[in-house]
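>>> Build me a model from this:
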Amino acid sequence: MVVLACALPLAAHAATWFFSTQAKSNGGTITSPNMTGQRVVNGPIYHSYTTSTALPVTITADPGFSIRDVVVNNVSMGAQGSSYSTFVKGDADSSSQSVTASFAPALLSVGAQSSGYGGSISPSYFGNITYGTTLTEARTFYITPQSGFYVQSVTGVPSGATVSPSVPAGASQRVTVTFPKGYVFTTSIAINATFVSDKPVIKVSLPQSALVGVPVTLSATHVGGPAPTTYTWTQWSGPARAQLVPAQSQATVVAPASGYYVFRVAVDGGSYGLIALTVTDSTGKAARTLCEFCHQAIGIGTPGLFRNWSASAHRVNSVSCEKCHSTHPAKPDTSVCSGCHSDMNSHPFATGGSACTVCHNSHSLKAVIPGMPAVHFNNSTSVGYPASYVTSRSDCMDCHRGNDQNAAIRQQWKVSAHGATTDAAWRGRDFKTMSGCVQCHTTTGFIAYSTGKVTAAWGTASDKSKEVLACNACHSDIGTGAIRAFTPVKPYKDDSYVNRNAGESNICFDCHSGTKNGKSVTALANFGNAAFPDPHFLAAGGTLHAQGGYQFAGRSYAGYSSNSHRRVGLGVNTTAGPCIACHKSSASGHTFTASVNEACAGCHKDSLTTGLLSAEKGDFQNALQILRAQLDAKGFAYYSSASPRFAATNWGSGQSGADRMGAAFNYAFLRSEPGAYAHNSAYTKQLIFDSIDVLHNGSVTGSIDTALTDLVSAGKITQQAADQVATYKNAKTSCTTCHDPAGAVSGTGTGSHVKHASDGVGCADCHSQTATGATALVPGTVTHINGQVDVNVAAIDVKGSFSYGAAAKSCSNVTCHGNGAVTMTWGQGPASCESCHVTNISVVDGVKATDRSLFPTSGHGQSGVGQTCLSCHDSTKQHIGGGNMLLPAHIGAQNIECNVCHNDTDLIPYPARNNMKTHINADGTASNCTDCHDPHGTTNLSMIKTNILGRTITYTNDNTGLTDPVTNQGLCQVCHTQTKYYRAGVVETNHDTTGCLGCHQHNAAAGAFMVTEKKQCDSCHGYPPAPRVTSYPVVFGTMSNWSSATFEDYSGGGGAHLVGAHVPQNARRADGWANCVMCHETRYHPVETSDITVPILPSKSHITVAPQYRLDNSFTIYSGAKLFDPPARNVTGSCMNVSCHMGPSPRWSIER
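So this is what the prediction gives:
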């Protein structure tokens, strides 16, 4: 009992490991078995685990944040964008695991710049703005034009920021863009201002230097306003009269003596500039005096710049500073070299878009260029030092050849595993000194092996350079991209197998087949004392050829000939082979990153997606973890960082020992071949499941169910992992595994598949040469995964000579379609509403279908409404000749089919479309909505019918379209035969004919289009209306100074109301009609205080002076503003023969 009590804790402790997670900052979450959505506020979380299954960890940044760093087991993974996933697993390698993550808000760019010349912006950017930054005080960009310029436009200003004053601004007027206090930045902002001038403006070249007697060119540049027509050059000052030869915007100057000269250039319109010229008797003195004196004194420029130039051919040949640096700021023109170095295009290798100064110091070829990337050279002698592009056996031309396209290829290559100078394949050991390794781990060795199968070491330990796999390794001609010719080889030392010919991909198999396979296991004799034979890494060729693993005796494995992927890239017009076709697609290029690409689509069409491939990868990795757990359970621990990977030497005796080592070999082989699930899926599964089977049962029984159960019981794996591997093991056992109903092109839910399946038609009935049923393929079939649809109807269903038209998708002479008499088109499908109600409108038994062609664009199917036919119609009711086809909820009270939605604010949350009222007929009854509206859509607004009572109705403008001033049969006129106003066929002279819906609303409380709102005199116009244009200043809106006046809304309407004799200055809106009756006699104006049923009558007809002010009724005249032709300048009249105006008065409105 004592022994047991001590042993149990020891056993438990040995199986326990710890896992900690922590979000180190705000801005994201960590999701793991420790916690879902763990944030910084949760602090560090620790949990212990006994499972040997890898635990998933997902790190996700919040919107506006990125992952600054992920640290896994004290190893920094660096920045990771918006998401990052990994797995952690406690095993014999490590008793604890940890993952931490920190986040950073996205750094935003908030800046302003100007287009062209003519002004400045200060500041040019706001520094330290990150996502979510909130201003604690307002910040402003100041846009200042130069003299003679003005700010024409400012673009890129986001909502919430203000521009003041509005642009275009006045001449020389500064404009500001202000971000107010509290403004929150969530995106980058680029503000751009444009300056313009109305007069010619020039900019002159900066001060220059020259030698005595040597010509120098001065120049002026047109930068704003209209182009100058003349340039006038004069010498402004100087120690002697220089020779000046003007040529419009340029002038050539030859100075006779040393000294300081100034020249002036002016253009028509007044703009001018001064150019200084320092003339010396030597180039060095000029450079030192004009440039180096200031640059060196204040530390501008690279140290030693003047020294480099002084020792160069540039100084000898009088190439002064301004020859290359013509303007300030003195940014060199990357193409300036070609002005003197005309032979630069004959460079010994292509440079792509790189400028000369990328590799050459522009001041002296003898100087070292400090910007050369470190990967090109390595001078480190420390242990494990990285490889480099340039070595003792390589130079620039090994990669830099060919055209500009090769520059892009080099950028792809440098991020690939072939160019990764710090990867273990290149830096792990000094491979150039290791025979048998040089052919894959050095470029020099790869070339030697390709030409003469040489595998001997070629380097020495004193040479501290290490090679990557450079361009000239695979390409015999870099300029043309020609690939070195490789014939199939025997990759394994213990096996005579020779790889199959895979075209250009042969070049990959030499290094990507592994160095040992299962035959290296069977070649051993004593499994009771045998070191584990490592299969090496990334042996994709071994998987593709179905030769890399240990194959258990008595089992038949899916070989090379049954692997569909063997033929990828080996079609009629290509010899690329599977490796190049998948890993060097148009998308991935020389990064060699495999992806779902055009090579996959050639066979899989749309059935293979990135998501499906990722799920397959996850299943494969889970199955591998279970194999590892089974190995652990049997005492065979795998060490990921040791060699050999398994430390065990006693595997058992005889065949059982070989099988246990073989199972371990399969794990090591597949663990280092991460693409095995795609390279040869069937072979990969067989190796994994046979290995688990043998380890648990002692032989291959065909079942791993008890193995999974025991592993779950022992806490080695989770039940979820066991269920997942069981699904993976049995996957792809039926056609619908890949051809599922959801597939957009090849799914069984597309076209006419559903109809056929519901009628009992199976896969083999139509694809008889591909499948024998829904779960098995025809042995040796060549019609499966061949990039096309093969339709071959089973012989029993053929009636005569069967034919299938692939282009038209037509099927003929089969018993199921009219006993062979009918040709059917695939995907034609059953009739839909559109079959009869759109385009060619059907007429059935004399009944013409409703045209619903406009339903999706202007009817209830339009965007924002989104209804369908079945939103209103009952599909179960008799279609033609029956009763009401509406849904039960839409049948009952008058107009319920409309009100069921329009009276429900949850369904229609728009006030203007809620609680619609019904128009009233002449007999007092309510009208139907469909008297005016067609719910299926029309060419008019609001689904208004295009024909009402036999009249054509056009309603495309809700302001002017309610009446028709020509026919007087508009929408609101065609039914009005007994109304007081707007009667059908009667010219309306007493009311406005536009803007009716402003007061007459469809859902008015008193009824459709009824105006019930009580309004005061100033509801429609000011009290009184004020003129907008006057010949003298008019002030109103203050106490006893027409306090209620407002501007009239049409030109001339204000007239002369603001004259004290017309309307008293102390008039208030509460006075009502009293101040109006002098000129507007009440009988011509509706003055009801309850319901104003019509607007004010037009003044041109109803200005009627009250009788007590008239001198003679016959001769009292008012000629008002003729408002029938706005906005033309109609003549306004005057008032005469009234007591206030004996003769004609001044015009009522000076506007007209």
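>>> Any idea which helix or strand in the chain has the lowest mean pLDDT?
helix 2-15 (a mean of 36; mean pLDDT, DSSP states H and E).
>>> ok, then the element right after that one?
Tracing the chain past helix 2-15, the next element assigned as helix or strand by DSSP states H and E is strand 17-23.
>>> Let's test this: mean pLDDT of the next helix or strand after that next one, rounded?
As assigned by DSSP H and E, the chain's next helix or strand after strand 17-23 is strand 28-32. The average pLDDT within strand 28-32 is 95.
>>> Strand 28-32 pairs with which strands, parallel or anti?
strand 35-38 (antiparallel), strand 55-61 (antiparallel) (DSSP bridges).
>>> Strand 17-23 and that strand, what's the angle between them?
160 degrees (axes from the mean of the first three to the mean of the last three Cα atoms, to 10 degrees).
>>> List the buried residues of strand 28-32.
28, 29, 30, 31, 32 (16 or more other Cβ atoms under 10 Å). Placement of C-beta: from N, CA and C, glycine included.
>>> next one: stretch 428-439
430, 431, 432, 433, 434, 437, 438, 439.
>>> still on that earlier bit, comparing the strands paired with strand 28-32, which comes out most buried?
strand 55-61 (a mean of 19; mean count of other Cβ atoms under 10 Å).
>>> which other residues reach it?
Strand 55-61 has contacts (Cβ atoms under 8 Å, 6 or more residues apart in numbering) with 19, 21, 27-33, 49, 67, 70, 80-89, 97, 99, 101, 103.
>>> at 7 Å instead, please
19, 27-33, 67, 70, 82-89, 99, 101, 103 (Cβ atoms under 7 Å, 6 or more residues apart in numbering).
>>> do stretch 144-159 as well
118-120, 143, 163, 167-175, 177, 189-197, 199, 201, 224.
>>> before we move on, back to that, tabulate the strands paired with strand 28-32 in TSV, adding columns for distance to residue 673 and mean pLDDT.
Converted to TSV, those look like this (distance: least, Cβ to Cβ, whole Å; pLDDT from 0 to 100):
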stretch	distance to residue 673	mean pLDDT
strand 35-38	33	94
strand 55-61	21	93
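>>> Let me have the ones you listed in JSON lines, adding distance to residue 756 as columns.
Output for the strands paired with strand 28-32, formatted as JSON lines (distance: least, Cβ to Cβ, whole Å):
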{"stretch": "strand 35-38", "distance to residue 756": "45"}
{"stretch": "strand 55-61", "distance to residue 756": "41"}
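>>> do you know which of these lies nearest residue 709?
strand 55-61 (21.4 Å; Cβ to Cβ).
>>> Next secondary structure element downstream of that closest one?
Heading C-terminal from strand 55-61 (DSSP H and E), you reach strand 65-72.
>>> What average pLDDT does that following strand get?
For strand 65-72, the per-residue pLDDT averages 90.
>>> Would you mind finding the longest helix in this structure?
With secondary structure taken from DSSP state H, the chain has its longest helix at helix 610-633.
>>> Can you work out which other helices and strands pack against that helix?
For helix 610-633, the contact count by 3 or more Cβ pairs under 7 Å, 6 or more residues apart in numbering; DSSP states H and E identifies helix 654-671, helix 676-679, helix 681-697, helix 705-713, helix 719-729 as packing neighbours.
>>> tell me the angle of that helix relative to helix 719-729?
Using the same axes, to 10 degrees: helix 610-633 against helix 719-729 is 120 degrees.
>>> Buried ones in helix 610-633, by neighbour count?
Here helix 610-633 shows 613, 616, 619-620, 622-633 as buried, counting by 16+ other Cβ under 10 Å.
>>> Residue ranges in the stretch 851-1000 of the chain under the pLDDT threshold?
878-883, 990, 992 (pLDDT under 70).
>>> quick one: the strands in it?
947-948, 951-952 (DSSP state E, counting those that start in this stretch).
>>> In CSV: those, plus distance to residue 895.
Output for these, formatted as CSV (distance: least, Cβ to Cβ, whole Å):
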stretch, distance to residue 895
strand 947-948, 17
strand 951-952, 23
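>>> Among those strands, which comes closest to residue 1055?
Proximity to residue 1055 (Cβ to Cβ) singles out strand 951-952 among those, at 39.4 Å.
>>> Can you tell me what sits against that closest one?
Contacts for strand 951-952 (Cβ under 7 Å, 6+ apart): 946, 969, 974.
>>> Retrieve the pLDDT associated with residue 133.
90.
>>> nearest residue to it other than its sequence neighbours?
residue 185 (4.7 Å; Cβ to Cβ, 6 or more residues apart in numbering).
>>> Residue 535 too?
Nearest one to residue 535, counting by Cβ to Cβ, 6+ apart, is residue 669 at 4.2 Å.
>>> count of neighbours near that neighbour?
26 (other Cβ atoms under 10 Å).
>>> so it makes contact with residue 548?
Yes - at 5.5 Å, residue 669 counts as touching residue 548 under the criterion of Cβ atoms under 7 Å.
>>> between the two, what contacts are shared?
With Cβ under 7 Å, 6+ apart as the test, residue 669 and residue 548 both reach 514, 535, 539.
>>> Next one: the residue lying closest to the first one once chain neighbours are set aside from residue 531, what distance?
Read it as residue 514. Spatial nearest neighbour of residue 514, chain neighbours left out: residue 539 (3.1 Å); criterion: Cβ to Cβ, 6+ apart. Using Cβ to Cβ, to the nearest Å, residue 539 is found at 19 Å from residue 531.
>>> Mind checking which of these two has more residues around it?
residue 539 (29 against 12).
>>> which residues does residue 777 bridge with?
The partner residues for residue 777, given DSSP bridges, come to residue 771.
>>> Next up, the contacts around it.
So residue 777 contacts 770, 771, 784 (Cβ under 7 Å, 6+ apart).
>>> close enough to count as contact, the second one and residue 790?
No - under the criterion of Cβ under 7 Å, residue 771 lies out of contact with residue 790, with a separation of 10.2 Å.
>>> Who has more neighbours out of these two?
residue 771 (21 against 16).
>>> OK, contacts around the more buried one?
Residue 771 touches 735, 763, 764, 777, 778, counting by Cβ under 7 Å, 6+ apart.
>>> ok, these vs residue 1043, which is closest?
residue 735 (86.2 Å).
>>> gap between that closest one and residue 620?
22 Å.
>>> Over to residue 477?
39 Å.
>>> For residue 211, what are phi and psi?
phi -100, psi 150 (degrees, to the nearest 10).
>>> residues near it, how many?
With other Cβ under 10 Å as criterion, residue 211 counts 19.
>>> what pairs with it across the strands?
Under the criterion used (DSSP bridges), residue 211 bridges to residue 280.
>>> One more: residue 1138?
residue 1110, residue 1141.
>>> I'd assumed residue 1108 was in contact with it.
No - judged on Cβ under 7 Å, residue 1138 makes no contact with residue 1108 at a distance of 10.0 Å.
>>> So for the two, which sits in the more crowded spot?
The neighbour comparison of residue 1138 against residue 1108 (other Cβ under 10 Å) goes to residue 1138, with 21 against 8.
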